[in-house]
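**Q** Show me the folded form of this:
(3 chains)
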Amino acid sequence: MPELPEVESTRRSLESFLKGKRVESVTPDEEDRIVFDRNPPRAVKAALEGARVTGTGRKGKYFWLKLDRRPWPVFHLGMTGNVDLRRPGGEFERAWGGHLWSEGKRERELGYLPFCRFRMAMEDGTEMAITDPRRFGRIRLAEDPLLEPPVSRLGFDPLDKVPSTRELQAILKRRHAPLKAVLLDQGVFAGVGNWIADEVLFQSRLSPHRRASSLDLKEVSVLRGRLLHIVRLAVAKRADFDQYPKAWLFHHRWGKKEDALTHGKKRIIHDTIGGRTTAWVPSVQK
DNA sequence: CTCAGTGTTCAGTG
DNA sequence: TCACTGAACACTGA
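**A** The predicted structure follows:
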């Protein structure tokens, strides 16, 4: 699920649950060499246990905990990763969405989270868990996340420093790939994922097949404006889908239904562009 | 049984 | 070197 709004909402939850607290114990999945691809589980455990969380950071879809010593843990949730949190004595709840949603009843009763790859308990009993069925997510250590790959290779974060329309046009001028593919390029638009890219194109009335280099200044300006609007609104809503405006393509794009229509009753079609399913509306997007 | 999926990386090619 | 494309990764659920 996680694109920028889900990850930023997760970071904010972590900030409120963990900041200022000391890590009591860490329980990684000891067998997992996929999620822990660079640093073994025991190294992550050693880095965290006994350290105090002083804050959190994020760029694009990567986020990290700041500790009172180095290195710091850096997380990526991949396609199916999620963070669950619980207050002392409480139940695990998802770190993003309108309300922190509860896990299923069975899991609650058993105190068990399916596909749990990492668990951390603070001195006051607060707990954080990462679940990830597909294991495309990653947990790594870094001395300074912003200065080392992969975070250092990211482009601009739409919530952070955004290039001017002219600067953005200069970047796009160099790219001949379809606009959709370039929007997904984390080296340009850090944090943009499949649904945000499609939503930006829909609201900008631009075809996902357009070559990025073909946009005129006005089109770049609209694209830039829609990107900022969509990301800011989604973050303001804490990535609670139900609160996104009814007119957003988001609510109608799922399922690849043959007869899918937008809020305005326009036909939605699905193409594969940049290797990803792209939902778009030919009668609106040119 | 087959296939797609809210993501990233790497190999091959131009 | 850079840009682009498609496959691979891992696993569930439709």
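**Q** Can you show me the CA trace of the longest helix seen in chain A as CSV?
**A** Longest helix of chain A, by residue count under DSSP state H: helix A:217-236. C-alpha atoms of helix A:217-236 as CSV (Å, rounded to 0.1, in the frame of the first residue of the first chain):
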residue,chain,number,x,y,z
LEU,A,217,5.5,25.1,-19.7
LYS,A,218,1.8,25.5,-19.0
GLU,A,219,1.3,21.7,-18.9
VAL,A,220,4.3,21.3,-16.5
SER,A,221,2.9,24.0,-14.3
VAL,A,222,-0.5,22.2,-14.1
LEU,A,223,1.2,18.8,-13.4
ARG,A,224,3.3,20.3,-10.7
GLY,A,225,0.3,22.0,-9.1
ARG,A,226,-1.8,18.8,-9.1
LEU,A,227,1.1,16.7,-7.7
LEU,A,228,1.5,19.1,-4.7
HIS,A,229,-2.2,19.3,-4.2
ILE,A,230,-2.8,15.6,-4.2
VAL,A,231,0.1,14.7,-1.9
ARG,A,232,-0.7,17.5,0.6
LEU,A,233,-4.4,16.6,0.7
ALA,A,234,-3.7,12.9,1.2
VAL,A,235,-1.2,13.6,3.9
ALA,A,236,-3.6,16.0,5.6
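**Q** List the strands paired with the following helix or strand past it, with their directions.
**A** Using DSSP states H and E, the helix or strand that follows helix A:217-236 in sequence is strand A:269-273. Strand A:269-273 has its sheet partners listed here by DSSP bridges as strand A:276-280 (antiparallel).
**Q** who's in contact with the partner strand?
**A** Outside of strand A:276-280, the residues within contact range by CB atoms under 8 Å, 6 or more residues apart in numbering are A:180, A:184, A:194, A:197-198, A:201-202, A:207-208, A:249, A:252-253, A:256, A:260, A:268-272. Heads up, the C-betas are built off the backbone N, CA and C, glycines and all.
**Q** Poorly predicted segments of the stretch 1-150 of chain A, please.
**A** Across the stretch 1-150 of chain A, the ranges flagged by pLDDT under 70 are A:1, A:98-111.
**Q** Would you mind listing what in it touches DNA strand C?
**A** A:34, A:79, A:133-136 (CB under 7 Å from any atom of the strand).
**Q** which residue sits closest to the closest residue to DNA strand B within the stretch 151-286 of chain A in space, ignoring its chain neighbours?
**A** Of all residues in the stretch 151-286 of chain A, residue A:193 sits closest to DNA strand B, at 2.3 Å by CB to the nearest atom of the strand. Nearest residue to residue A:193, sequence neighbours excluded (CB to CB, 6 or more residues apart in numbering): residue A:3, at 3.4 Å.
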